[in-house]
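J.: whatever this is, show me its structure:
(chains A and B)
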Amino acid sequence: MGRIQLKQVEKSFGDVTVIPPLDLEINDGEFVVFVGPSGCGKSTLLRLIAGLEDVSGGVIEIDGSDATSIPPAKRGLAMVFQSYALYPHMTVRKNIAFPLRMAKVSAEEQEKRISNAAEVLNLTPYLDRRPGQLSGGQRQRVAIGRAIVREPAAFLFDEPLSNLDAALRVGMRLEISELHKRLKTTMIYVTHDQVEAMTMADKIVVLQAGIIEQVGSPLELYHTPRNLFVAGFIGSPKMNFIEGAEAEKYDAHTIGVRPEHIDVSETEGPWRGTVGVSEHLGSDTFFHINGTGLADALTVRASGEVGLNRGDTIFLTPQADKIHRFDRQGLRIG
Amino acid sequence: MARAVTTQRKTINTIIAWAIGLLIFFPILWIIILSFKAEGDAIKTPIAVLTSGWTLENYGVVQERSDYAKHFFNSVILAFGSTILGLIIAVPAAWSMAFVPSKRTKDILLWMLSTKMLPAVGVLYPMYLIFIELGLLDTRVGLVVVLMLINLPIIVWMLYTYFREIPGEILEASRMDGASLREEILYVLTPMAIPGMASTVLLNVILAWNEAFWTLNLTAAKAAPLTAFIASYSSPEGLFYAKLSAASTMAIAPILIMGWFSQKQLVRGLTFGAVK
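T.: Predicted structure coming up:
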C-alpha cells in the first residue's frame, strides 16, 4: 500500500515561505510526477514527504496514519537521488543489501532479494564492483536496486535522470516506467523536464513558486490547461500566446495555440508572416514565424520536410477547436 | 637552453630544500650523536665531539637509573587514551557541525580554537587545585582527560573539514534506507571518513605524546610519561648532556618512527582543506 495524503502542508525556511499550505492526494499505485521550473519547490515537497525536511505546518498521512513526525527511516519509503548517493566504500551487493541489513532481514532472504533485483536491473555481473567502477547509468540502476529490495510503500525519485546523457535518459525513462508497470507501487517522481513528466506520469502535479497550478493526467494538462502557466509549461515547443484584437475576436484576453495545431500554407490563411529560423528534425520541421503582428514570434510545426526558406512568406490557419482561451487573470475560459 | 636552466634551478632548489631539512633536523641529530658519547666528550666543541670515541654506556646508565618501560607505557596510555576519548566526543560534534549547521556554527568553531590561544600556565593554578580536590593528581585518568581537552578543538576542526567533504545526500540516503543516527555514523560516515580520521588520530597521538607542560606539572611518579623521564635528567644533578641525550633519544624514537612511516597521512591531514 502506498497512499499518501498531504493536508495543508507548508514549509518555510526562516522568513521565506517555500511552500504555502497545500493539499494533495496520491493514490496507491499511482505514478505521480512533480514538475515545474527550478526553485518551484518540487524537490522540497518530495523531501517533506520523505521526512528529510520537517514540515512547518500541516499533516502528511501515509496509508491513513499520521507520518508527519515519523523519521525518514521509519516511513517505509525509498528514495533515488539525483547524485545516486551510493555508498562508495561498499560493493554494489553491499549497497543493495544495506536497507535489508538495517531492517535485520535474514541472510538468505537478503541474498534472494539481491539476486532478484540484480536480475531485473541487469546488475548481476557488477555485484562485486564498487560504485566508482560503474558508469552513470549503472550507478543509477544500483540506486534503484537499493530502493526496490526493501519493498517500500512508495518510491521517491528526485530528478534521477538529470545526470545522464540524452540517449541513456530515454532508456532509463522506459526502464522506470516498466518497473512501475511490474511492481505497481506508488512512485513520486520529481523533474523539471516536461517530456519526462508527459511520458511517465499517470498524474502530473505542476508547481510554481510552491503552489500547485494544476493536477491531472498528462493529456488533461495538454488539452485543458487550467491557466497560462500550465499551458506554457506543458507541451514542446511551447504554446503560442496571442493577445489584443485577435484574442478579442474569440472573447478572450489571451488565446493560445500549440505549434502542432496551426496549419501551414504558402498561399492562404488568416495569419500572414515570414519564415525566420527553421529547426529540421527530419520527422518534423519547426518554423519560427516573424512579422505576423500578433506576437513577437510564432512557432509552428509542419510534418516532415516542407520546402520553405528563411524570408519566405507563409500563411497560417489555427485549428478552430484547438484554440485555448484565457481571461485577464490568465485563467482558462470554457 | 630553457631546459638547462630548469635543471640548474632544480638542483639549486633541491640543495636549498635539503639544507633547510637538515637545519630543522639538526638538533635531533645532535641529540642522537651526543647520546653515544662519553659524558666528558659531550661538552667539548662540536669538532671534538665528532672526532671523539663512541659508547653505549649512557643507555645502560639511563636504563638502570629509571624505568623506561613504565614511562613508555604511560606515554602510550596518555597519547592513545586521550585521542580515543577525544574522537568519541568529537565525531558527534563534528557531525552536527558539518551536516546540521546553525547560524552560530562558525562562531563555535572559532571559539573552540581560541581556547588554544590561551597560555596554559594561566589556568595551571585552578587546574592544579581541581586535580587535588578530585584526587586526580599523578593519575593517568586525570591526564587523559586534560590532554583530551587540550587537543579536542583540533580533533573537532580536523574531523569537521573531513566531514564537510562527504556529500550530505549519501547520509540522507542511509536515513531513507532505514539507518538510525548511530548506524548512519557507524556504517556510512565513519568508513567514508577513515583516511581523515587516521590522520587526525596520528596527529593527536603525536601532540599528546609530546605534550610537556601538563604532563610535567600534574604528575610525579605513577603517571609520569616519557616527558617526565627526559626532564628527570635535566637540572638537579648538574649537567649530564650525554645521559639527557640518551633519555631524549629513547623518548622520541617511538614517535619518530611512527611519524616516519605515516608521513603521507600526516601531510594530508595537516594540509587538508587548505589545498583546494
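
J.: ok, the residue lying closest to B:Leu136 once chain neighbours are set aside - contacts?
T.: Nearest in space to B:Leu136, with sequence neighbours left out and distances taken as CB to CB, 6 or more residues apart in numbering or on different chains, is B:Gly142 at 3.0 Å. In this view, the C-beta of every residue, glycine as well, is placed from N, C-alpha and C. Taking CB atoms under 8 Å, 6 or more residues apart in numbering or on different chains, we find B:Gly142 in contact with B:131, B:134, B:136, B:218, B:223.

J.: now the last one: how far from chain A?
T.: So that's B:Ala223. 39 Å (CB to the nearest CB, to the nearest Å).

J.: what parts of the stretch 51-200 of chain B come near chain A?
T.: If contact is defined as CB under 8 Å from any CB of the partner chain, the residues of the stretch 51-200 of chain B in contact with chain A are B:167, B:169-170, B:172-180, B:183, B:187-188, B:191-192.

J.: at 6 Å instead, please
T.: Within the stretch 51-200 of chain B, the positions lying close to chain A (CB under 6 Å from any CB of the partner chain) are B:169-170, B:172-173, B:175-179, B:188, B:191-192.

J.: quick one, which of those are buried?
T.: When burial is judged by neighbour count using 16 or more other CB atoms under 10 Å in any protein chain shown, the buried members of these are B:169-170, B:172-173, B:175-179, B:188, B:192.

J.: just name the closest of the residues of the stretch 51-200 of chain B next to chain A to A:Ser236, please.
T.: Using CB to CB, B:Glu169 is the member of these that lies nearest A:Ser236, at 29.5 Å.

J.: confidence score at that closest one?
T.: On pLDDT, B:Glu169 comes in at 90.

J.: mind listing what's buried in the longest helix along chain A?
T.: Under DSSP state H, the helix in chain A containing the largest number of residues is helix A:166-183. By neighbour count, and taking 16+ other CB under 10 Å as the criterion, the buried residues in helix A:166-183 are A:169, A:172-173, A:175-176, A:179-180.

J.: let's have those in a markdown table, adding pLDDT.
T.: As requested, the buried residues of helix A:166-183 are arranged in a markdown table below (pLDDT from 0 to 100):
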| residue | pLDDT |
| --- | --- |
| A:Arg169 | 88 |
| A:Met172 | 88 |
| A:Arg173 | 91 |
| A:Glu175 | 89 |
| A:Ile176 | 92 |
| A:Leu179 | 91 |
| A:His180 | 94 |
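
J.: okay, these in JSON lines with distance to chain B next?
T.: What follows is those, written out as JSON lines (distance: CB to the nearest CB, whole Å):
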{"residue": "A:Arg169", "distance to chain B": "20"}
{"residue": "A:Met172", "distance to chain B": "18"}
{"residue": "A:Arg173", "distance to chain B": "22"}
{"residue": "A:Glu175", "distance to chain B": "20"}
{"residue": "A:Ile176", "distance to chain B": "17"}
{"residue": "A:Leu179", "distance to chain B": "18"}
{"residue": "A:His180", "distance to chain B": "19"}
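
J.: can I get the residues you listed in a markdown table with distance to B:Ser232?
T.: Conversion of these to a markdown table gives the following (distance: CB to CB, whole Å):
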| residue | distance to B:Ser232 |
| --- | --- |
| A:Arg169 | 73 |
| A:Met172 | 71 |
| A:Arg173 | 76 |
| A:Glu175 | 73 |
| A:Ile176 | 73 |
| A:Leu179 | 73 |
| A:His180 | 76 |
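
J.: before we move on, the earlier item: show me what the longest helix of chain A is packed against.
T.: With contacts defined as 3 or more CB pairs under 6 Å, 6 or more residues apart in numbering or on different chains; DSSP states H and E, helix A:166-183 has no helix or strand neighbours.

J.: so which elements touch the helix or strand following that helix?
T.: Toward the C-terminus, helix A:166-183 is succeeded by strand A:186-191 as the next helix or strand (DSSP states H and E). In terms of contacts (3+ CB pairs under 6 Å, 6+ apart), strand A:186-191 is packed against strand A:31-35, helix A:42-50, strand A:154-158.

J.: from A:Phe287, how far out is A:Val306?
T.: As judged by CB to CB, to the nearest Å, A:Val306 and A:Phe287 stand 8 Å apart.

J.: got the domain boundaries for chain A?
T.: A:4-231, A:241-326 (automatic domain parsing).

J.: winner for burial among those domains?
T.: By mean neighbour count, with neighbours taken as mean count of other CB atoms under 10 Å in any protein chain shown, domain A:4-231 ranks first of the domains of chain A at a mean of 19.

J.: run the chain-centre distance for that one.
T.: With CA atoms, centre = their mean, to the nearest Å as the basis, domain A:4-231 stands 11 Å off its chain's centre.

J.: now do it: distance from first to last residue.
T.: 27 Å (CA to CA, to the nearest Å).

J.: then stretch B:48-60?
T.: 23 Å.

J.: now it: buried residues?
T.: B:49, B:58-59.

J.: of the residues you listed, the lowest pLDDT goes to which?
T.: For those, the least confidently modelled position is B:Val49, at 79, judged by pLDDT.

J.: so which strand or helix has it?
T.: When elements are defined using DSSP H and E, B:Val49 is found to belong to helix B:46-51.

J.: just flag the most distant two among the buried residues of helix A:166-183.
T.: A:Arg169 and A:His180, at 16.6 Å, using CB to CB across these.

J.: which element is A:Gly39 on?
T.: A:Gly39 belongs to no helix or strand when elements are defined using DSSP H and E.

J.: residue at max distance from the center of chain A?
T.: Within chain A, A:Thr267 marks the point farthest from the mean C-alpha position, 39.9 Å out by CA atoms, centre = their mean.

J.: tell me if that residue really is in a strand.
T.: No. Assignment of A:Thr267 by DSSP: H, G, I helix; E, B strand; the rest coil gives coil, placing it outside any strand.

J.: where's it relative to chain B, distance?
T.: For A:Thr267, the distance to chain B equals 58 Å [CB to the nearest CB].

J.: roughly how far apart are that residue and A:Asn122?
T.: If you measure A:Thr267 against A:Asn122 using CB to CB, the figure is 54 Å.

J.: check the separation of the first and last residues in stretch A:300-319.
T.: Terminal residues of stretch A:300-319 are spaced 12 Å apart (CA to CA).

J.: per-residue pLDDT, residue 43?
T.: Reading this off chain A. Reading off the model, A:Ser43 has pLDDT 93.

J.: actually it's chain B I care about, not the one you picked
T.: According to the predicted model, the pLDDT of B:Ile43 comes to 78.

J.: burial count for the closest residue to it other than its chain neighbours?
T.: With sequence-adjacent residues excluded and distances taken as CB to CB, 6+ apart, B:Ile43 is closest to B:Tyr241, at 5.9 Å. Other residues within reach of B:Tyr241 by the criterion other CB atoms under 10 Å in any protein chain shown amount to 18.
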